[in-house]
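Enquirer: Prediction below, plus the sequence it came from.
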Amino acid sequence: MIADLPPQAFARHNEAPDDEFYSFERLVTHIDPAAVAAVTQLYRQHFPAGGRILDLMSSWVSHLPAEVAYARVAALGMNAKELAHNPRLTEPGIVQNLNETPRLPYGDAEFDAAGICVSVQYLTQPVEVFKELARVLRPGAPLVVTFSNRCFPDKAVYAWQALDDAGHAGLVKHYFEAAGFGPAEVYAHRPHYGDPLFGVVGHVPAN
């Protein structure tokens, strides 16, 4: 599917530098508390306690379960002030625009799990980023990608905006497949009121 999409599928309405768009901090959550709790539950299920965790496209909060301790929590995001406010990080967050530089500044098999929370829709080179995640995760490690039906429409890629919730899940599953992950599983939190939350979870193939 990814190979069949035209290049403009990953263009955005606002192609101004992303650094400008994210230059001021947004110390808010972009989904409601029940949706946040659904993200946390997926992390509780899939992230190993005491493990080394990478929070990619991070901000001032990582939504990790409060009762679980991790050996390391690293983060990469777009705003230094947001990352500086994140209380779960065990090291300074790294500011990097993945749409310009998809290569991650970490070593091979450095992490036991990774998450991308409500941000995957902004990636213009998603397969390249997912391939990098497969590189920095140890064999068998999970990647948890969560999203809702909200976005900054000027910065979400056109392919994302053209799809519904099921289409978003299918697109993310194709990112996993194209990057060499094992089969991905879809999770859905659909309340009668409030924000839906969808998760797609895949694992780096074991050796």
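Expert: Yep, that arrived.
Enquirer: Settle this for me: residue 77 is touching residue 89, isn't it.
Expert: No. Using C-beta atoms under 8 Å, residue 77 is not in contact with residue 89, being 10.2 Å away. Glycine gets a C-beta too; all of them are placed from N, C-alpha and C.
Enquirer: Between the two, which is the more surrounded one?
Expert: residue 77 (22 against 18; other C-beta atoms under 10 Å).
Enquirer: Contact partners for that one?
Expert: 57, 58, 59, 83, 93, 94, 95, 96 (C-beta atoms under 8 Å, 6 or more residues apart in numbering).
Enquirer: Need the per-residue pLDDT for the fourth one.
Expert: Think residue 83. The confidence metric pLDDT takes the value 94 at residue 83.
Enquirer: Same question for the fifth one.
Expert: Confidence at residue 93, expressed as pLDDT, is 96.
Enquirer: Likewise for the third one?
Expert: In the predicted model, residue 59 carries a pLDDT score of 90.
Enquirer: how much space is there between it and residue 185?
Expert: Going from residue 59 to residue 185 by C-beta to C-beta, to the nearest Å gives 26 Å.
Enquirer: okay, the two: which has more neighbours?
Expert: Ranked by neighbour count (other C-beta under 10 Å), residue 59 and residue 185 place residue 59 first, with 26 against 14.
Enquirer: show me the contacts for that one.
Expert: 26, 77, 79, 82, 83, 86.
Enquirer: I'd like to know how far it sits from residue 116.
Expert: Taken as C-beta to C-beta, the span from residue 59 to residue 116 is 12 Å.
Enquirer: hmm, back to that, overlap in contacts, residue 77 and residue 89.
Expert: Applying C-beta under 8 Å, 6+ apart, one finds that residue 77 and residue 89 are jointly contacted by residue 83.
Enquirer: nearest residue to residue 56 other than its sequence neighbours?
Expert: Counting by C-beta to C-beta, 6 or more residues apart in numbering, residue 56 lies nearest to residue 116, which is 5.0 Å off, once chain neighbours are set aside.
Enquirer: before we move on, what about residue 65?
Expert: With sequence-adjacent residues excluded and distances taken as C-beta to C-beta, 6+ apart, residue 65 is closest to residue 44, at 4.5 Å.
Enquirer: residues near the one you found, how many?
Expert: Using other C-beta under 10 Å, residue 44 is surrounded by 14 other residues.
Enquirer: what about the residue nearest to residue 56, distance to residue 8?
Expert: Counting by C-beta to C-beta, the separation of residue 116 from residue 8 is 23 Å.
Enquirer: immediately after the lowest-mean-pLDDT helix or strand in the chain, which helix or strand?
Expert: The weakest-scoring helix or strand in the chain, judged by mean pLDDT, DSSP states H and E, is helix 18-21 (a mean of 60). Using DSSP states H and E, the helix or strand that follows helix 18-21 towards the C-terminus is helix 33-46.
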